[in-house]
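> model the structure of this input:
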Amino acid sequence: ILDETIEEGTLRSAARKNAKKQKAYFELPWYIAPGIVLFWALLFVSVVKPLFYRLPEPLTVEYAGKGGFIAERAYANLYDFGAIGPKVVGSDNNEIKTVEFLLKELNLIKENLNTDLFTMEIDVQRAYGAYVKWNLVNMYQGIQNVVVKLSAINATSETYLLINSHFDSQPTSPSTGDDGHMVVSVLEVLRVIATGDESFEHPIIFLFNGSEENSMQASHGFIAHHKWAPYCKGLINLDAAGSGGREITFQTGPNQPWLVDSYKKNAKHYFATVMAEEIFQAGLVPSYTDYDILVDYGNVIGLDVGECINGFVYHTKYDSIDVIPRSSLQNTGDNLLSLVRSLSNAAELRDIDSNTQGKTVFFDVLGLYFIKYSEETGVKLNYAVAAATIILVYLSLGRTASISKVSTGKVFGLFILVLVLQVIAFVLALALPIAMAYGLDKYGYTLSYFATSSLVVGLYICPCLVGLALPSYIYLKFQENDKISYAQHVQFALHGHSIVLSLLVIALTYYGLRTTYTITWTLIFYVVPLALNLLTTLHDRGFSWSGVVKAFQLAPFLYNSYLCYTFIVILTPMMGRYGLDTNPDLYIGVLTALGTILSLGFLILLLHTTRRSGLVLLGLVAITAAAVYVASSTELGFPYRPKTNVQRIPYVQARRIFYEYDGTVSKDDSGYLFNFQDRRGYKPLVDAGVNLTGLVSMEADCNKYMFCGVPLYDHRWVESMTVNMWLPRENPVYVPGNPVLTLLNRTILDGGETLRLEFSVNGTDHTSIFIQPEADVTVKNWSFLPEYLTSQTPPYHIYFSYGIDKSDLKFYVELQVSRITNFSCKKCLLILCFFFKQKPDKDYDVPCIKVGISVHYMQSEGDEEAIKFSQQFPKFGVIIQWPAIYKRYIF
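Sure thing, here's the model as predicted:
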């Protein structure tokens, strides 16, 4: 029985009918909804993607002499550079052939030097030194740098501009992308400037460094030890994490806004964003550059620039000239030449300390425009836009109450409900892609988008859109207020979304994130049309306001989809080397969700202006289901492809020998030590027929032995040592040499307080030394960096490399032992020593220290059995392997 009069029930029923009629009257036909979705999709395909991949027309030698960068000459240099092959530090290819190639090209440039304007000096540095990074000592010996100084005649400036690139490579890679692309670009820029007629104020140092891939040792060798390094104040660092396409400027400063000004004024092809800087500096990218070394160890400021597209071939044998178009070289060369000319005349370089003015917010817009402003201005803008959004939404709600003849309290009550629903929508938009990432990972389908990038749409974009639209769809489906029009209820949903973004802006700005600009500018393009609608009568006339909103959403859609696509292109290949213990789909899922929220957050809500918008939601769900099916049940979902989207399979043919204190051998075994770099690990290999029977985790050995008791390679292998895997083999691994740790001298110092051990090791160009004192022993001093002993705890790791100088490494360790001579009553001995005023003797005739040597033969393919083993791997895998030996000694 209803608790109302018949008249009231009749009126309420009529109101419901009126509301439905009103809703049907204002809504657009149902077929408009899929048309709108198709329009925005086509806009992305026809505008965003072409602009992202746009490259300039490459110049030929016919244009030589006109002062421009000639891509044809750079490409010819790149061909010769790539033909040398892999350039591993210490190899003849790196230390002799590549150095000869560079000197040949440099001398040709010097022969054609405009001697009326310039002087040119060439120096080959052999650097020796060490520094602490990644919790280990990086030590180098005879690492080579080819350095050029170009100066104007009668130049008086003692401030130099440094241009850095590296010519070494990872094993197996011909390195035409990383970093041959940049090396030949620098050569061509030097050629154009040195033979041209445009002078400059500050001398320019062109550094071709020979050991970046080896923990960036050569850049440290230059900035710490070269005669020209103290004068270097400005920097353009050039590196690569891909091959072909545009180069991105992803680090600036530090705290030098004028550098961004210079980029804006002089770069010919914009590609830069503060978001890349913050992502890189947060450690979310599994790469490093010389920029950090040069800035940290030298009083240097500058720009960090890198190739970033097609990272699938990065550090593999497929990083060849075939994947680098001449237009990509032209793009880099145009920007680099212009920036070098600008910075070499920059007045700010005369005193960089006086130009320290904080950080900058900067970003390019589709590569067509460049926007920058100070961090302080960004903070003010963020708060102002957030406040304006809240105020205008408040005014809009008041206007709605006025025209609907409904109390303000009731309108605000309804809006609070909508706001809660939009908070739920925002959470769902993030939660659904995250849930998808977890689900795919649980069932072994991570990286399904690795080769089929379009799967990102179904796996992550569509669930995000469903999460954004579903709460408001349910609300609008069941709301029945006849006084507040359906159009205003839809507007409530958009207002709620804008308030959520405003609160997010306030929180992230308070946290200090400059990337907040992406949300701020998205809000600007909602606040402006809202203000226009309020100033006119469009706000009050059905869905008339939606036309203005849609028009203004064009800008944030184009920019945010461009930005999101940029990072998907950059980060997707990196997910293939993000490690076995990390779910990469979480990163791609969250990134895609955030990009979708910013690109389509308002647009998806505008679909409610059409009839049967639920069909669009069902369509999104259907696309998601289809994508899951493709990812899990078809070859399209398999992540790897030969040559283009390969699985990296690094391993060493390892032999390990443990010598006890008396010289006897307690362990001598061999196997293959795998350092799987992506989440799928060994499973695709087993499915492809690779015999990995007996493969075990290294975790047990890591808990038992110093550094797992295996020949770990570099800091990355050390960081992932507990998830590395071991495949035993019966026959001993053959290594080309016989490295030995020789005890040269054993001396008792300081009246018996200190034991000094002097060693020599005949290792290779890639050798690690592991040191672990016994529990009652302390390393008091050594020949390595003393500050490492105070900043780190045992066991210690020294990563040693040599270039042209192959002499043995000699070092010493001084130990302090807390134990005393083996005496039946140590307490009695201490009492006697107290009365006779003598110190007890330390016991050095027992084990005091473990020393391990990890020696790698990176120029060798290994023995016949190892070669046969490597041949069983599938074509979608790239093998990066070599023999290595580990020997552990006790002294």
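> any idea which helix or strand carries residue 146?
Following DSSP states H and E, the helix or strand that holds residue 146 is strand 136-152.
> buried sites along that strand?
By neighbour count on 16 or more other C-beta atoms under 10 Å, the buried set for strand 136-152 is 136-152. In short, each C-beta sits where N, CA and C put it, glycine included.
> for it, name the packing helices and strands.
Here strand 136-152 touches helix 99-111, strand 118-133, helix 181-195, strand 204-209, helix 217-225, strand 796-802, going by 3 or more C-beta pairs under 8 Å, 6 or more residues apart in numbering; DSSP states H and E.
> okay, the angle between the longest one and strand 796-802?
Right, the one you point to is strand 118-133. If you take axes from the mean of the first three to the mean of the last three C-alpha atoms, to 10 degrees, strand 118-133 sits at 150 degrees to strand 796-802.
> burial count for the closest residue to residue 773 other than its chain neighbours?
Distance criterion C-beta to C-beta, 6 or more residues apart in numbering; nearest residue to residue 773, sequence neighbours excluded, is residue 849 at 4.9 Å. Neighbourhood size, residue 849 [other C-beta atoms under 10 Å]: 19.
> with residue 132 instead?
If you count neighbours by other C-beta under 10 Å, residue 132 ends up with 14.
> touching, it and residue 785? I think so.
Yes. Counting by C-beta atoms under 8 Å, residue 132 does reach residue 785; the two are 6.0 Å apart.
> look up how far residue 723 lies from residue 677.
10 Å (C-beta to C-beta, to the nearest Å).
> quick check on residue 854: phi, psi?
When quoted as degrees, to the nearest 10, the phi and psi of residue 854 stand at phi -120, psi 110.
> wait, what's in contact with it?
Counting by C-beta atoms under 8 Å, 6 or more residues apart in numbering, residue 854 makes contact with 707, 710-713, 767-770, 884-886.
> from the residues you listed, which would you call buried?
707, 710-713, 767-770, 884-886.
> looking at those, which are in strands?
When those are checked against strands (DSSP state E), the matches are 767-770, 884-886.
> just to revisit the earlier point, surely the residue nearest to residue 773 meets residue 772?
Yes. Between residue 849 and residue 772 there is a contact at 7.0 Å, judged by C-beta under 8 Å.
> the closest residue to residue 110 other than its chain neighbours pairs with what?
Nearest non-adjacent residue to residue 110, counting by C-beta to C-beta, 6+ apart: residue 120, 5.1 Å away. With DSSP bridges as the criterion, residue 120 is bridged to residue 150.
> residue 120 touches residue 152, doesn't it?
No. Judged on C-beta under 8 Å, residue 120 makes no contact with residue 152 at a distance of 11.0 Å.
> shared neighbours of the two, which are they?
With C-beta under 8 Å, 6+ apart, residue 120 and residue 152 have no common neighbours.
> and the residue most central in space within the chain, what is it in contact with?
Among the residues of the chain, the one closest to the centroid is residue 285, at 2.2 Å (C-alpha atoms, centre = their mean). Residues near residue 285 by C-beta under 8 Å, 6+ apart: 241, 279, 571, 574.
> pLDDT weak spots in this structure?
The chain contains residues with pLDDT under 70 at 1-28, 30-31, 481, 819-842.
> the helix or strand in which residue 291 is found: how far from the chain's middle?
Assigned by DSSP H and E, residue 291 falls within helix 290-297. Here helix 290-297 is found 17 Å from its chain centre; the criterion is C-alpha atoms, centre = their mean, to the nearest Å.
> tell me the angle that helix makes with strand 118-133.
Going by the same axes, to 10 degrees, helix 290-297 makes 80 degrees with strand 118-133.
> got a list of what the closest residue in space to residue 772 that isn't next to it in sequence touches?
Nearest residue to residue 772 in three dimensions, chain neighbours excluded: residue 795, at 3.8 Å (C-beta to C-beta, 6+ apart). Neighbour list for residue 795: 706-707, 770-772, 850 [criterion: C-beta under 8 Å, 6+ apart].
> again, 6 Å this time
Each residue near residue 795 by C-beta atoms under 6 Å, 6 or more residues apart in numbering is listed here: 706, 770, 772.
> neighbours of the spatially closest residue to the first one that is not a sequence neighbour, how many?
Yep, that's residue 706 we're talking about. Nearest residue to residue 706, sequence neighbours excluded (C-beta to C-beta, 6+ apart): residue 772, at 4.5 Å. By the criterion of other C-beta under 10 Å, residue 772 has 19 neighbours.
> in terms of secondary structure, what does the helix or strand encompassing residue 772 contact?
Using DSSP H and E, residue 772 sits in strand 766-773. In terms of contacts (3 or more C-beta pairs under 6 Å, 6 or more residues apart in numbering; DSSP states H and E), strand 766-773 is packed against strand 796-802, strand 849-856.
> report the angle between the shortest one and helix 217-225.
Calculated by the same axes, to 10 degrees, strand 796-802 forms an angle of 90 degrees with helix 217-225.
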